[in-house]
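S.K.: Quick one: sequence and predicted model below, then my questions.
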Amino acid sequence: MANPRIAIFPGSFDPPTLGHLDVIRRAASLFDVLIVALLENPSKQPAFTTAERVAMLRKAIGPIGDVRVESFHGLLAEYARARQASVIVRGVRGGTDLEYERQMADTNRHLNPSIDTIFLTPSPAVAHISSTLVRDIVSLGGSVRGLVPDAVEAAIAERVLPGRSPRTQQV
Ligand code: PNS
């Protein structure tokens, strides 16, 4: 394809949620190629390893359009340049997200003037979901059904080992 429109949907995805999946589906229908890019952040200790998160995302996304899942480290603006992407996609749930997202978008454009960020709003049915709250629920022994894709729920269930209280699990 000549000059495919390539977009990047970056994030921590720790873990991926139904909100992420909703944005991925919307973005996949808008671009020729969507790269779901998972940040490897050495200064953060994620609940799930990079390999686990990549596998969960791939399983959850399944065969929808040309969606690729990769991990990256370093500057997003540089990664976008290397992937010849012209657009960064971010999901915005409400006003609290917006100011932080606007600042990131402006900074990424400063670093790479050929990049624009577009904001997609998830379906209201999943707009309340966040990875932070999902981790909270899991650590307190609650169910995350309806908040995360089935593949992610299964991966989380494997973490809650038989014979140990979920409250003592580090998720
Ligand atoms: O899911 P998150 O944690 O909200 O995603 C944040 C992410 C990964 C998009 C952001 O932290 C990022 O792009 N980090 C890469 C480092 C970088 O480029 N920093 C300057 C961007 S303003």
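M.R.: Now that the structure is in, tell me what you want to look at.
S.K.: can you point me to the longest helix in the chain?
M.R.: For the chain, the longest helix by residue count, based on DSSP state H, is helix 95-111.
S.K.: Go through the following helix or strand past it and flag the buried ones.
M.R.: Next helix or strand after helix 95-111 toward the C-terminus (DSSP states H and E): strand 116-120. Residues of strand 116-120 classed as buried by neighbour count (16 or more other Cβ atoms under 10 Å): 117, 120. Any C-beta I mention is one placed from the backbone N, CA and C, and that applies to glycine too.
S.K.: What strands flank strand 116-120, and is each parallel or antiparallel?
M.R.: Its sheet considered, strand 116-120 pairs with strand 87-91 (parallel) by DSSP bridges.
S.K.: and the partner strand, anywhere near the ligand?
M.R.: No: for a cut-off given as Cβ under 6 Å from any ligand atom, strand 87-91 has no contacts with the ligand; the smallest distance is 7.1 Å.
S.K.: same question, stretch 44-56
M.R.: No: residues of stretch 44-56 contacting the ligand under Cβ under 6 Å from any ligand atom: none, with a closest distance of 8.6 Å.
S.K.: other SSEs contacting the lowest-mean-pLDDT helix or strand in the chain?
M.R.: In the chain, no helix or strand scores lower on mean pLDDT, DSSP states H and E than helix 150-159, which sits at a mean of 89. For helix 150-159, the helices and strands in contact under the criterion 3 or more Cβ pairs under 8 Å, 6 or more residues apart in numbering; DSSP states H and E are helix 50-61.
S.K.: Return the residues of the chain in contact with the ligand.
M.R.: By Cβ under 6 Å from any ligand atom, the residues of the chain that approach the ligand are 10-12, 39, 75-77, 104, 107-108.
S.K.: Please identify the buried residues of the longest helix of the chain?
M.R.: So, applying 16+ other Cβ under 10 Å, buried residues of helix 95-111: 101, 105, 108.
S.K.: closest to the ligand among those residues?
M.R.: Of all these, residue 108 has the smallest distance to the ligand: 5.5 Å, by Cβ to the nearest ligand atom.
S.K.: Next up, the contacts around that closest one.
M.R.: Counting by Cβ atoms under 8 Å, 6 or more residues apart in numbering, residue 108 makes contact with 76-77, 80, 88, 115, 117.
S.K.: Select from those residues the one having the most neighbours.
M.R.: Counting by other Cβ atoms under 10 Å, residue 80 has the largest number of neighbours within the contacts of residue 108, with 26 neighbours.
S.K.: quick one, phi/psi of it?
M.R.: phi -60, psi -40 (degrees, to the nearest 10).
S.K.: Distance-wise, check it relative to residue 114.
M.R.: If you measure residue 80 against residue 114 using Cβ to Cβ, to the nearest Å, the figure is 8 Å.
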